[in-house]
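S.K.: Just need the structure, nothing else, for what follows:
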Amino acid sequence: MQSSYAGQLLTGTFTTFYATTGTSISVTNLPSNAATVQLVGASGTVLASSPVSNGVATLDIGNNSFPLSARIVAKSADGTTLVSSAVVFLWGGDTYAMASG
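M.R.: Numbering: from 1, shown residues only. I've put the predicted structure just below:
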């Protein structure tokens, strides 16, 4: 790394370094009546949510450390859970396809 700082050499250590192709994930193959997709953490907290458009949801997870550990949950307009994954490790830039039953 170069710097215009004229003093001593600056060094640093990364504690979490990873390379991804983006900060969002896509969820495809959603049920036709899916209205929303949520990423739900181990404690039950909703970490991200996105509306479904044409069977696809795009969720920005860039504010989290990767891999993000969560369940992918598809919900209908009335809030009913349609399909839910097991806990998965999510990386920005990836696409996840839901399987129903």
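
S.K.: Report the contact partners of the spatially most central residue of the chain.
M.R.: For the chain, residue 61 is the residue whose C-alpha lies nearest the centre (C-alpha atoms, centre = their mean; 4.3 Å). By C-beta atoms under 8 Å, 6 or more residues apart in numbering, the contact set of residue 61 is 23-25, 39, 47-48, 68, 90, 92. C-beta here means a position set from N, CA and C on the backbone, and glycine is covered the same way.

S.K.: Can you turn the buried part of those into a ChimeraX selection?
M.R.: Command for ChimeraX that selects the buried part of the contacts of residue 61, burial taken from 16 or more other C-beta atoms under 10 Å:
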select :24,25,39,47,48,68,90,92
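
S.K.: Return the member of the contacts of residue 61 nearest to residue 55.
M.R.: Residue 55 lies nearest to residue 25 out of those, by C-beta to C-beta, at 15.0 Å.

S.K.: Mind telling me what element the closest one is part of?
M.R.: Using DSSP states H and E, residue 25 maps to strand 24-28.

S.K.: now do residue 93
M.R.: Using DSSP H and E, residue 93 falls outside every helix and strand.

S.K.: Just confirm it contacts residue 26, I think it does.
M.R.: No - in this structure, residue 93 is not within contact of residue 26 by C-beta atoms under 8 Å, at 9.0 Å.

S.K.: Quick one: residues contacting the nearest residue to residue 32 once chain neighbours are set aside.
M.R.: Once flanking residues are discounted, residue 32 sits nearest to residue 55: 7.2 Å by C-beta to C-beta, 6 or more residues apart in numbering. By C-beta under 8 Å, 6+ apart, the residues touching residue 55 are 28-30, 32, 34.
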